[in-house]
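Q: my questions are about this predicted structure, shown below with the sequence.
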Amino acid sequence: MNEFTNWPDVALGAAAGLWGLLCGAVNYGLVAGPVRRMASTVDRAEIATLQQRVLGRYLLRMVLSFASLLMVFWVTGRPVAILSALAGLLVAGDVPLFLSTRARRERA
């Protein structure tokens with residue numbers, strides 16, 4: 001039993017959602033730079049290097065996402081907090097990356 005188990009669902013969901021947004025923003029920052037550079041370059045050797053960098057950062061991103069969800073589970077143990085953190089991770093990390101890739105493809 002910890003202090004977070006006494007919080008109401010709304011407050012706990014908001015706090016976990018903010019945590020998810022923070023971790024999602026870090027995830028986005030890890031991957032967005034090399035993806036942008038890879039889209040703007042034409043040198044095949046540099047593209048191959050950036051692809052490896054993106055792959056490594058995606059693996060790091062998966063570890064960070066899992067660790068943040070695991071921490072929310074260990075601290076709270078409540079489904080509303082886990083779902084809120086997952087939603088924050090998706091909104092801040094995956095949606096901007098998807099939208100920027102989609103916009104780049106539509107321009108091409």
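A: All right, it came through fine.
Q: now do the helices in this protein.
A: Ranges of helices in the chain, per DSSP state H, are 9-40, 44-75, 79-89, 95-107.
Q: got JSON lines for those, with distance to residue 3 too?
A: Yep, even glycine has a C-beta here, placed from its N, CA and C like the rest. JSON lines is the format used below for the helices of the chain (distance: least, Cβ to Cβ, whole Å):
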{"stretch": "helix 9-40", "distance to residue 3": "11"}
{"stretch": "helix 44-75", "distance to residue 3": "9"}
{"stretch": "helix 79-89", "distance to residue 3": "13"}
{"stretch": "helix 95-107", "distance to residue 3": "32"}
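Q: weakest of those helices by average pLDDT?
A: Of all those, the minimum mean pLDDT falls on helix 95-107 (a mean of 85).
Q: most tightly packed of the helices of the chain?
A: Highest mean neighbour count of the helices of the chain: helix 79-89, a mean of 20 (counted as mean count of other Cβ atoms under 10 Å).
Q: what residues does that helix touch?
A: 4, 9, 12-24, 27, 65, 68-69, 72-73, 75-76 (Cβ atoms under 8 Å, 6 or more residues apart in numbering).
Q: run the last query once more with 7 Å
A: The contact list for helix 79-89 (Cβ atoms under 7 Å, 6 or more residues apart in numbering) reads 9, 12-13, 16-21, 23-24, 27, 65, 68-69, 72-73.
Q: what angle do that helix and helix 9-40 make?
A: If you take axes from the mean of the first three to the mean of the last three Cα atoms, to 10 degrees, helix 79-89 sits at 20 degrees to helix 9-40.
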